[in-house]
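Participant: One predicted model, sequence on top.
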Amino acid sequence: MFLATRAATDKATLIQSTLEGNTRLSGLPEQLALTQQLLHRYNLDRPLFYFSWQSASGWQWHGSHNQYHQWLLHLAHGSLGYSYQEDAPVTDLISRALRYTLPLTLLAAGLSILLAVQLALWISCRPAVRSAVLALLHALQSIPLFLLAVCLLLLLANPDAVAWFPAFGLGDAETEITWLQQPGYLLYHLTLPVLSLVLVSLPALTIQLDGALQQELSQAYIITARAKGASLLRAVRRHALRNALLPSITLLTELLPSLVAGSVVVEVLFALPGMGRLLAEAAATQDYPVLVGAAGLTALVRLLAQALADVLYQAADPRIRLSQ
């Protein structure tokens, strides 16, 4: 990721956007000297990698005096570098953005899982409506996140229709609210973004869990439980659900990384100051340290999700043990 982004960096455009974004620097007459200083500050005046190909002299070895080596040294010390545009540590920018993205994604993930389990249990006990609900879920699954979020905006945040929720942002900064009102105020402004992510994630989770439940309901232990007088709902909740969760755990652990990716679309559309808008602005201004840091965070979330899958497998079935 680092090599791909740095190789695509247009130094002239980067320096121009940096100077234009800082009015204090743009007015200086020593543009050439200032350009060299900026390139040196961001290590862009060094070779990209340990070796490179020159058409005149062939392969050249640069040793540790290259951009990649310096980036590795900073990473080993817990630094992701400095933003080109904000002139601030990337870790600080990501930390500020996560204050808004984490509540959004965690709330959406929790609601998606809870609703998927309850909906799968409900349709499993009501065969008459199961086909209609599954058809509706398949139709909902075919709608892209961007289109779904726009539809929610037009329906629920439109003065010409129903203006129940704010269309964008997290409210007026001048609005005075107490610390007790802050959670409710934040949830009110996050309702439509969270609802967008939930409606996108819910169909796949429910369809997967329902298929696993239907397979479990045909097993002998369920037939035995029903013969002993257990109701269908009790047989599903007490016996079938744990076994049905096993094939769904992998899909559940993929939920959080997919919601992190979906938050990019939602935060840009609803003008939320989270990771989505940070990534969009970084991509537009070639702020590659921010892009690399955000990509690394996404990879870390995926690794944590896979580790969580191992824990959930053992919790769902005690017979499963990790190999030593």
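Facilitator: Looks like it arrived, so ask away.

Participant: so where's the stretch 1-150 of the chain uncertain?
Facilitator: The stretch 1-150 of the chain contains residues with pLDDT under 70 at 1-43, 45.

Participant: now the helices for it?
Facilitator: 2-7, 11-21, 23-26, 31-41, 67-76, 90-124, 127-141, 145-156 (DSSP state H, counting those that start in this stretch).

Participant: Please give the centre-to-centre distance between stretch 278-285 and its chain.
Facilitator: Counting by CA atoms, centre = their mean, to the nearest Å, stretch 278-285 is centred 15 Å from the centre of its parent chain.

Participant: What lies in contact with that stretch?
Facilitator: If you take CB atoms under 8 Å, 6 or more residues apart in numbering as the criterion, stretch 278-285 is touched by 17, 21, 83-85, 93-94, 97, 264, 268, 287-288, 290-291, 294. Placement of C-beta: from N, CA and C, glycine included.

Participant: secondary structure element for L303?
Facilitator: Assigning secondary structure by DSSP states H and E places L303 in helix 288-316.

Participant: That helix vs helix 90-124, what angle?
Facilitator: Inter-element angle recorded for helix 288-316 and helix 90-124: 40 degrees (by axes from the mean of the first three to the mean of the last three CA atoms, to 10 degrees).

Participant: one step back: just curious, which of the contacts of stretch 278-285 is nearest to L187?
Facilitator: Distance to L187, by CB to CB, is smallest for A97 among the contacts of stretch 278-285, at 18.8 Å.

Participant: and the spatially closest residue to V133 that is not a sequence neighbour, how many neighbours?
Facilitator: Nearest residue to V133, sequence neighbours excluded (CB to CB, 6 or more residues apart in numbering): I123, at 4.9 Å. The number of residues packed around I123, counting by other CB atoms under 10 Å, is 22.

Participant: go on, A128?
Facilitator: A128: 7 surrounding residues under other CB under 10 Å.
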